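*Asks:* Got a predicted structure here, sequence first:
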Amino acid sequence: VFECGICYSSYDSSLRIPVSLPCGHVYCKICLSTYSNGQMITCPVDKISHSTRLDNLPYCYAILTNLPKSNSLPAYCIRHTKKKIKFQCKVHL
């Protein structure tokens with residue numbers, strides 16, 4: 001559910017953004033660009049052509065808000081650069 005059905009890459013909020021087609025199917029914006037001619041997008045599953053630009057399609061917030069959180073905390077505190085951290089509070093974000 002958290003990966004694109006075309007490229008099988010995991011969705012994220014920066015590069016592989018999940019985009020909803022009017023037919024209800026969801027794919028990453030990068031993959032959908034290959035199914036677009038600028039004014040029309042053809043769904044790769046049901047082959048329905050939608051007369052809309054890729055930039056006008058809505059993000060799938062049902063997926064975006066439920067993406068697994070990444071644990072990519074910095075090894076050191078941002079304010080206290082010599083102090084290692086185990087977690088990061090909102091004050092130091």
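*Replies:* Cool, got the structure. Residues are numbered from 1 along each chain as shown.
*Asks:* Only C-alpha atoms from now on, for both contacts and neighbour counts.
*Replies:* Fine.
*Asks:* Low-confidence bits of this structure, can you list those?
*Replies:* For the chain, the stretches with pLDDT under 70 are 70-93.
*Asks:* For the most centrally placed residue in the chain, give me its contacts.
*Replies:* Nearest residue to the geometric centre of the chain (C-alpha atoms, centre = their mean): Ile17, 2.3 Å. The contact partners of Ile17, by C-alpha atoms under 8 Å, 6 or more residues apart in numbering, come to Tyr11, Cys28, Lys29, Ile30, Tyr59, Leu64.
*Asks:* Pull the number of nearby residues for the third one.
*Replies:* The criterion is other C-alpha atoms under 10 Å. On that basis, Lys29 has 20 neighbouring residues.
*Asks:* what's it sitting at in phi/psi?
*Replies:* Here is the backbone geometry of Lys29 (degrees, to the nearest 10): phi -60, psi -30.
*Asks:* who are the neighbours in contact with it?
*Replies:* Counted by C-alpha under 8 Å, 6+ apart, Lys29 has contacts Arg16, Ile17, Pro18, Val19, Leu54.
*Asks:* how does it look with 7 Å?
*Replies:* Neighbouring residues of Lys29 by C-alpha atoms under 7 Å, 6 or more residues apart in numbering: Arg16, Ile17, Pro18, Val19.
*Asks:* Is the closest residue to the second one other than its chain neighbours bridged to anything, and to what?
*Replies:* Pointing back at Ile17 there. In space, not counting the residues next to it along the chain, Ile17 is nearest to Cys28; the distance is 5.2 Å by C-alpha to C-alpha, 6 or more residues apart in numbering. Bridge pairing for Cys28 (DSSP bridges) gives the partners Pro18.
*Asks:* roughly how far apart are Cys31 and Ser20?
*Replies:* For Cys31, the distance to Ser20 (C-alpha to C-alpha, to the nearest Å) stands at 12 Å.
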